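Peer 1: Okay, structure incoming, though there's no sequence with it:
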C-alpha cells in the first residue's frame, strides 16, 4: 500500500535512487528541475531542496516567473520513495492548457502496479481540502498509462491541446 508523504530529508537515499531511474527524463511533480542529482547527494543541499519544496506551498514564497504555489508530496511504500506528486494551487495559462492542477511521476521500476492510480486517488481529497472542488489533470496524447490512471480516477475528457489530453476530476 502506498501513501503520500511530505518531502523529508530522511528519505534522501531512496529519493535519489528513484530520481536516478529516470536517467535525466523529466520527473513531473518532483520540483527542483534545475538541480543536478550529483549536487543533491550532499545532505545539506538535499535538506535545502526539501525545505524549498515544502515552502513552495506558501503563496509568498519566492519562485521562478510563471510558477504557482504548489504542494509537493512523495509517493512512498514503507521507506521506499516510488515517485512524486505536485498539487498546483492555481492555474496560469500554461497549466490551464497543458499542465493541470496535479502532476505525478512514478519511478520506472515501480510502474504498471497501480501506484500512480492510487496516488492520484489519495491526492484528490488533499486538493479538495485546499478548496478545489474539481481539478484539471493532463497527460500527453501517447501516454496510455497516465490516460488510464486519470480515467480510473473518474477523469472526464474535455479536449486535447498541443498534444496534451485534458481531463477534469471532481475532487470532492
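Peer 2: Cool, got the structure. Quick caveat: nothing in here was measured; it's all calculated off a predicted structure. Numbers count the residues shown, from 1 in each chain.
Peer 1: show me where the protein has helices.
Peer 2: 12-21, 43-55, 93-94, 115-129, 144-152 (DSSP state H).
Peer 1: Could you work out which of the ones you listed reaches nearest to residue 63?
Peer 2: Closest approach to residue 63 among the helices of the chain is made by helix 43-55 (9.1 Å; C-beta to C-beta). The C-beta positions use only the backbone N, C-alpha and C, and glycine is treated the same way.
Peer 1: quick one: buried residues of that closest one?
Peer 2: Buried residues in helix 43-55, counted by 16 or more other C-beta atoms under 10 Å: 46, 49-50, 52-53.
Peer 1: pLDDT (mean, whole number) over stretch 85-105?
Peer 2: Average pLDDT, stretch 85-105: 97.
Peer 1: Just the residues contacting it, thanks.
Peer 2: Stretch 85-105 has contacts (C-beta atoms under 8 Å, 6 or more residues apart in numbering) with 4, 22, 26-31, 57, 59, 66, 68-75, 83-84, 116, 119-120, 123, 126-127, 130, 132, 135-138, 161-162, 164, 166.
Peer 1: Just the buried subset of those residues, please.
Peer 2: Buried by 16+ other C-beta under 10 Å: 4, 27-31, 68-75, 83-84, 116, 119-120, 123, 126-127, 132, 135-138, 164, 166, out of the contacts of stretch 85-105.
Peer 1: that older thread, turn the helices of the chain into JSON lines, columns for distance to residue 101.
Peer 2: Formatted as JSON lines, the entries for those read as follows, by distance: least, C-beta to C-beta, whole Å:
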{"stretch": "helix 12-21", "distance to residue 101": "23"}
{"stretch": "helix 43-55", "distance to residue 101": "17"}
{"stretch": "helix 93-94", "distance to residue 101": "12"}
{"stretch": "helix 115-129", "distance to residue 101": "6"}
{"stretch": "helix 144-152", "distance to residue 101": "12"}
